[in-house]
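Enquirer: mind looking at a prediction? Sequence and model below.
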Amino acid sequence: MELKLEVIVLPVSDVDIAKDFYQRLDFRLDADFIVDEGYRIVQLTPPASTASIIFGTGITTAPAGSVRGLLVAVPDIEAARAEIAARGIEVSEIFHEADPFVRAGVEHRIPGAHPERASYSSFATFADPDGNEWLLQEITDRLPGR
């Protein structure tokens, strides 16, 4: 069986503010359709990604800003963090954890990139205007089979 992640639905409170935010991050605008007064679909794709995000009106009943842990891989955590900050978007400081993946909350975060810059081990976070949270993860060498 072949299954490819295609689209992630984000709950937002203001479609135009969210659209502007993601375009500031250089997400490609794929669609902006107003079907009727209560149904609008906006689809954007992150740079170099095959999966997209969708938000709008009449798309989801989830509370705006309720999505956490949307992970995007970056080849250089320092460069990605600097570029996001340069676009006027608040982004956390770079951190790593003793465990192989990020736990919920901030209490396990250790400031700075992973000491050996091990792939999959350095992170930063940012959120859209509603609080949907994204996690940047530095991946330089993929695990076998990836």
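Expert: Here it is on my side, so go on. Just so it is clear, the model here is predicted, and its values are computed rather than measured.

Enquirer: please report how far the residue nearest to residue 113 when sequence neighbours are not counted lies from residue 91.
Expert: Computed as CB to CB, 6 or more residues apart in numbering, the closest residue to residue 113 that is not its neighbour in sequence is residue 122, at 4.1 Å. Backbone N, C-alpha and C define where each C-beta goes, glycine included. Separation of residue 122 from residue 91 (CB to CB, to the nearest Å): 13 Å.

Enquirer: who has more neighbours, these two?
Expert: Shown here are residue 122 and residue 91; by other CB atoms under 10 Å, residue 122 has more neighbours (26 against 19).

Enquirer: distance between the least confident helix or strand in the chain by mean pLDDT and the chain's centre?
Expert: Every helix and strand in the chain was compared by mean pLDDT, DSSP states H and E; the lowest is strand 110-111, with a mean of 92. Relative to the centre of its chain, strand 110-111 is centred 21 Å away, using CA atoms, centre = their mean, to the nearest Å.
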